[in-house]
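J.: Could you work out the structure for the sequence below:
(2 chains)
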There are 2 protein chains.
Amino acid sequence: MNKLYEQLIPYLERNHAYQTALALLSWDTETLAPPAAADYTAKSVGVLSEESYRILVCDEVCDLLKKLSSKKEQESLSVSERAVVRCLKKEYEKTACIPQKEYREFSEFCATAQSVYCRAKLSNRFEDFAPVLEKMIDYTRRFASYRAKKGENLYDLLLNDYEEGFTVEVLDDFFGRLQKALLPLLHKVTAKNDTIDKTYNSRLYRVDTQRDFCRFLAGYVGFDFNRGVLAESEHPFTTNLHNHDVRLTNHFREENLESAIFSVIHETGHALYEMGVDDALTGTPAGTGVSMGMHEAQSRFYENMIGRSEAFWEPLFPKLKEAFPSELADVSKERFIAGINKAEPGPVRTEADELTYPLHIMIRYELEKQIFSGECEVKELPELWNQKYEEYLGVAPKDYAEGILQDIHWSMGNFGYFPSYAIGSAIAAQIYSYMEGQMPIADYLKEGNLVPIREFLRDHIHKYGAVYTTNELLKQMTGEEFNPDYYIRYLTEKYTKLYQL
Amino acid sequence: MNKLYEQLIPYLERNHAYQTALALLSWDTETLAPPAAADYTAKSVGVLSEESYRILVCDEVCDLLKKLSSKKEQESLSVSERAVVRCLKKEYEKTACIPQKEYREFSEFCATAQSVYCRAKLSNRFEDFAPVLEKMIDYTRRFASYRAKKGENLYDLLLNDYEEGFTVEVLDDFFGRLQKALLPLLHKVTAKNDTIDKTYNSRLYRVDTQRDFCRFLAGYVGFDFNRGVLAESEHPFTTNLHNHDVRLTNHFREENLESAIFSVIHETGHALYEMGVDDALTGTPAGTGVSMGMHEAQSRFYENMIGRSEAFWEPLFPKLKEAFPSELADVSKERFIAGINKAEPGPVRTEADELTYPLHIMIRYELEKQIFSGECEVKELPELWNQKYEEYLGVAPKDYAEGILQDIHWSMGNFGYFPSYAIGSAIAAQIYSYMEGQMPIADYLKEGNLVPIREFLRDHIHKYGAVYTTNELLKQMTGEEFNPDYYIRYLTEKYTKLYQL
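T.: Residues are numbered from 1 along each chain as shown, chains lettered A, B, ... in the order given. Below is the predicted model:
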């Protein structure tokens, strides 16, 4: 092993220990911790974040990274080691420019900001969250400005943190094309909305039975219970301490059968990515999914291309009917498949169908652009939000909780993150299109055999963690970099067929 | 505020953040983490333990503690501040003598030792655990020797970590008296064992209903769900991140009604102690219960003196019958009270009644003494264990899992800890005897009003955290230091009456 790289290892180990502890504190806060703990725990999070800053931002690491970036040293590193150096350097550059004191203050602020947000959402009071949101935007702007090159667009910088190379220019084009193709399609679909009856979905479905079925589903799709756990939280999410400890949550509503089912398939898609990372990368900065977009591609692939397909439900629908015999007595498989694919504009992103989903993302992208260009103030956001929902989706949120306060992301400082949801959906369609040519996906699904699909994704994407960039992975796998045409074609064909347009 | 003490505060805050993270990692491992995570998590625990060692064991803290221990500085500190300095100094002295590398290795070893123990217990193989136990004993002996004064008994040193001043000399006397009083009493009780019929306890009791009832019980006794959570684990336990985040676990068995009920009352007793600590002490080394003995006194007080009394069940027994109407149809309150107090020698400590419980502890105390005096080897322990169970309790464990492998403590390096269970029971009896003279306990219980009892304990014990020692608290409260007479009298009177001896 390269001598300099060897010297880096203790820092990687220390860094990973802090990330593990901080991930667990965050998971615990979301899923279990008692309400009164929040402010105290925030303080500990602040201290540990500051400590982890000290591990990373020190002369030794700076020096090692500099030396390891030289052409000579790079040549003596393995592909994985080079990726570790690259990831750590990116993290270093993002962090080192922030003064330590500010870094700690920000970490503490983040931990409390989420609880302010949650209370504001519960009480439907945007005005309670607004000052926190303003402060969060200020922090984000300031921290980004510390590392921005002269004249660089700050929002480009933020976007790049989540998905390398996806600038405003790229995304304007991407969303422009989506809008052009999807809005007319959505209008046609909406006009024929009555043709699909999914009233069955809002009957009463026992939560206990839903919970058991979803646990079964997670395992069916490939979740490894030896390396992961299922829990519950307000919004479903997936996190990981490392590739041997991957955790997902779900939520259950008695009067919504679909919600928990597609959440668990979606989150299992995320989990499979992390569980599939090669053990040689565990605990290094390259030992996790490469980008939010590629992560979302895995979850959307399983949720939509796999989970909403007729073939997937061929062996499963009888089991679902067994779980809810009276509730689904009058529902045929055909009706169920049409129901789970029905497109209906609504105000809530997490409940959106495949067709309207990217429009929810586009709205957030447009608002974030306006925020960081200084075109709009926080206090104007609720109205802008509602205007855009009216314009693109023809719906009006009934209150703040269903509108501007629906997502937790901004309270976590995740600006520039939302676009990766749409990027991920597009990548999923691109991967699916390629894989259809490589294997009989539908046949496997009908047999209830998801192993070849999972193995294929692991061999081409999951095992590499963050060793290759999103575009490198796509190129290696499909021979082509990111191309949204597949996504537009997929949605157009799917909905044209479903609604017989 | 004293200038030197002010300089100590950042160290206290950092120390607390690590303790919070480590407590959470440990809680999570016991209650939720997936099996495959253990070794990876152990590594992170090792790193964080080493980091927390660095916070504490440094020249600045050493220097501050030395200066703050001077008579002049002590005089300018408040009572609480003095206690914080004393607790931190104790922690410093216990830790600083261990080389940093050994400290980390030990922390990592501890985290894996528990999973080895758990697997060995599951597969009933003492031989798998034996090498780990030997290594744990070696570590314990070595670390104790680093700080032992010349000629000092190492086991005395270990005992002192859990209960200041309770040396082998004190405990030999304590257990000698217990043995002398309790063995003859137990023989008389055992001879009349048929007079109490508690067959009802092993009927089938739905776990869901037990869970709901136990949750209700925790709240009834005073558990504050705003500052704590309930979960499940193999063995019930209580832990705390701080006094606003106190966590207890329970376990449920379908064919044992009592087990979960008295576990939750017991653990709630522990939880009330931590929840009752004054906020001014939160996050300092004095912000937690003063000793294991005093902690166990709180849990035993609630479990036995309160929870097994007739008055406690007067308002509650009808509710229990409501929860299990057919299962308890033929069980009167009188029969239930006799049943929950019945003494029956058995092989398992955690299932033991009040009378046999201290004998379980005595066996562990005698074995630990032999281990640390070098009188016995690890491989001899199972046989010695069984001999003592035969001698004192007249029972033979059916296998290792029920015998030598029943307790997790040794796998966690907790040698010298067990005696505090018996000390705690004795303190509970002493406190109860005193409180009976101060307030109409039975009347309060009959009214279902536990507030005056909880407030009294908080005002005299809980709020002080570790500001006063166990004996100081007892003296301030009851006018007398630790005195086991109350315990012996309590057990003798109780069982003489119950069995009409």
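J.: Please report phi then psi for A:His242.
T.: phi -170, psi -180 (degrees, to the nearest 10).
J.: can you pull out the helices in the stretch 301-450 of chain A?
T.: A:310-323, A:333-341, A:357-373, A:381-388, A:419-438, A:441-447 (DSSP state H, counting those that start in this stretch).
J.: So which of those helices is nearest A:Val168?
T.: helix A:357-373 (6.6 Å; C-beta to C-beta). Glycine gets a C-beta too; all of them are placed from N, C-alpha and C.
J.: so the closest one versus helix A:381-388, what angle?
T.: 140 degrees (axes from the mean of the first three to the mean of the last three C-alpha atoms, to 10 degrees).
J.: And for the residue of the stretch 51-200 of chain A found nearest chain B, the neighbour number?
T.: Chain B sits closest to A:Glu51 of the stretch 51-200 of chain A, with a gap of 6.8 Å, by C-beta to the nearest C-beta. Counted with other C-beta atoms under 10 Å in any protein chain shown, residues neighbouring A:Glu51 total 22.
J.: from memory it sits against A:Tyr18, does it?
T.: Yes: the criterion here is C-beta atoms under 8 Å, and A:Glu51 meets it with A:Tyr18 at 6.5 Å.
J.: So for A:Ala42, what's the pLDDT?
T.: A:Ala42 is assigned a pLDDT of 88 by the prediction.
J.: Give me the nearest residue to it, chain neighbours excluded.
T.: Once flanking residues are discounted, A:Ala42 sits nearest to A:Ala111: 3.4 Å by C-beta to C-beta, 6 or more residues apart in numbering or on different chains.
J.: ok, now A:Lys321?
T.: Closest to A:Lys321 by C-beta to C-beta, 6+ apart is A:Leu328, at 4.9 Å.
J.: do A:Cys87 as well
T.: A:Pro285 (3.7 Å).
J.: how far away is A:His270 from chain B?
T.: From A:His270 over to chain B the distance is 16 Å, taken as C-beta to the nearest C-beta, to the nearest Å.
J.: Could you list the contact residues of chain A toward chain B?
T.: A:13-14, A:16-18, A:20-21, A:24-25, A:28, A:32-37, A:40-41, A:43-48, A:51, A:224-229, A:231, A:241-242, A:244-246, A:282-283 (C-beta under 8 Å from any C-beta of the partner chain).
J.: Can I take it that A:Val84 is in a helix?
T.: Yes: counting by DSSP: H, G, I helix; E, B strand; the rest coil, A:Val84 is found in a helix.
J.: Need the residue closest to the centroid of chain A.
T.: A:Glu296 (4.8 Å; C-alpha atoms, centre = their mean).
J.: Show the backbone phi and psi for A:Arg253.
T.: phi -130, psi 130.
J.: beta partners of the closest residue to chain B within the stretch 151-300 of chain A?
T.: The stretch 151-300 of chain A approaches chain B most closely through A:Asp245 (3.7 Å), counting by C-beta to the nearest C-beta. The partner list for A:Asp245 in beta bridges (DSSP bridges) reads A:His242.
J.: residue contacts, it?
T.: A:Arg227, A:Gly228, B:Ala33, B:Pro34, B:Ala36, B:Ala37, B:Tyr40, B:Thr41 (C-beta atoms under 8 Å, 6 or more residues apart in numbering or on different chains).
J.: could I get these as JSON lines with secondary structure?
T.: Listed next are the contacts of A:Asp245 as JSON lines, based on three-state DSSP:
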{"residue": "A:Arg227", "secondary structure": "coil"}
{"residue": "A:Gly228", "secondary structure": "strand"}
{"residue": "B:Ala33", "secondary structure": "coil"}
{"residue": "B:Pro34", "secondary structure": "coil"}
{"residue": "B:Ala36", "secondary structure": "helix"}
{"residue": "B:Ala37", "secondary structure": "helix"}
{"residue": "B:Tyr40", "secondary structure": "helix"}
{"residue": "B:Thr41", "secondary structure": "helix"}
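J.: closest to A:Leu182 among these?
T.: For the contacts of A:Asp245, the nearest to A:Leu182 is A:Gly228 (34.8 Å; C-beta to C-beta).
J.: Now A:Val168: closest residue in space that isn't a chain neighbour?
T.: Closest to A:Val168 by C-beta to C-beta, 6+ apart is A:Asp156, at 5.6 Å.
J.: Surely the residue nearest to A:Cys87 is in contact with A:Asn15?
T.: Yes: here A:Pro285 lies in contact with A:Asn15, judged by C-beta under 8 Å, at a distance of 7.4 Å.
J.: Spit out the residues that contact the two alike.
T.: With C-beta under 8 Å, 6+ apart as the test, A:Pro285 and A:Asn15 both reach A:Leu88.
J.: A:Val221 contacts A:Leu450, doesn't it?
T.: Yes: using C-beta under 8 Å, A:Val221 is in contact with A:Leu450, at 6.1 Å.
J.: okay, these two: which has more neighbours?
T.: Legend: neighbour count by other C-beta under 10 Å for A:Val221 and A:Leu450, higher for A:Val221 (23 against 18).
J.: Run through the residues that contact that one.
T.: By C-beta under 8 Å, 6+ apart, the contact set of A:Val221 is A:Ile265, A:Thr268, A:Gly269, A:Leu272, A:Tyr302, A:Ile306, A:Gly307, A:Leu450.
J.: which SSE is the closest residue to A:Tyr464 other than its chain neighbours in?
T.: Spatial nearest neighbour of A:Tyr464, chain neighbours left out: A:Leu473 (6.7 Å); criterion: C-beta to C-beta, 6+ apart. Element membership for A:Leu473 (DSSP states H and E) is helix A:470-478.
J.: buried stuff in that helix?
T.: Buried residues in helix A:470-478, counted by 16 or more other C-beta atoms under 10 Å in any protein chain shown: A:Thr470, A:Asn471, A:Leu473, A:Leu474, A:Met477, A:Thr478.
J.: now stretch A:49-67
T.: Judged by neighbour count (16+ other C-beta under 10 Å), stretch A:49-67 contains these buried residues: A:Ser49, A:Glu50, A:Glu51, A:Ser52, A:Tyr53, A:Ile55, A:Leu56, A:Val57, A:Val61, A:Leu64, A:Leu65.
J.: out of those residues, which one sits closest to B:Leu171?
T.: Proximity of the buried residues of stretch A:49-67 to B:Leu171 (C-beta to C-beta) peaks at A:Glu51, which lies at 40.5 Å.
J.: any idea how far the residue of the stretch 151-300 of chain A closest to chain B is from A:Ser373?
T.: 40 Å (C-beta to C-beta, to the nearest Å).
J.: who are the neighbours in contact with A:Asp161?
T.: A:Lys94, A:Gly416.
J.: Relative to chain B, which of the buried residues of helix A:470-478 is nearest.
T.: A:Leu473 (25.2 Å).
J.: Average pLDDT for stretch A:441-453, rounded please.
T.: pLDDT averaged over stretch A:441-453 gives 98.
J.: Kindly apply the preceding question to stretch A:159-177 instead.
T.: Stretch A:159-177 shows a mean pLDDT of 96.
J.: Okay, buried residues for it please.
T.: Neighbour counts over stretch A:159-177 (16+ other C-beta under 10 Å) mark A:Leu159, A:Asp161, A:Tyr162, A:Glu163, A:Glu164, A:Phe166, A:Thr167, A:Val168, A:Val170, A:Leu171, A:Phe174, A:Phe175 as buried.
J.: what's the closest non-adjacent residue to A:Gln179?
T.: A:Gln179's closest residue in space is A:Met362 (C-beta to C-beta, 6+ apart), at 6.6 Å.
J.: For the longest helix seen in chain A, name the packing helices and strands.
T.: Longest helix of chain A, by residue count under DSSP state H: helix A:3-31. Judged by 3 or more C-beta pairs under 8 Å, 6 or more residues apart in numbering or on different chains; DSSP states H and E, helix A:3-31 is in contact with helix A:38-56, helix A:59-68, helix A:79-96, strand A:238-242, strand A:245-250, helix B:3-31, helix B:38-56.
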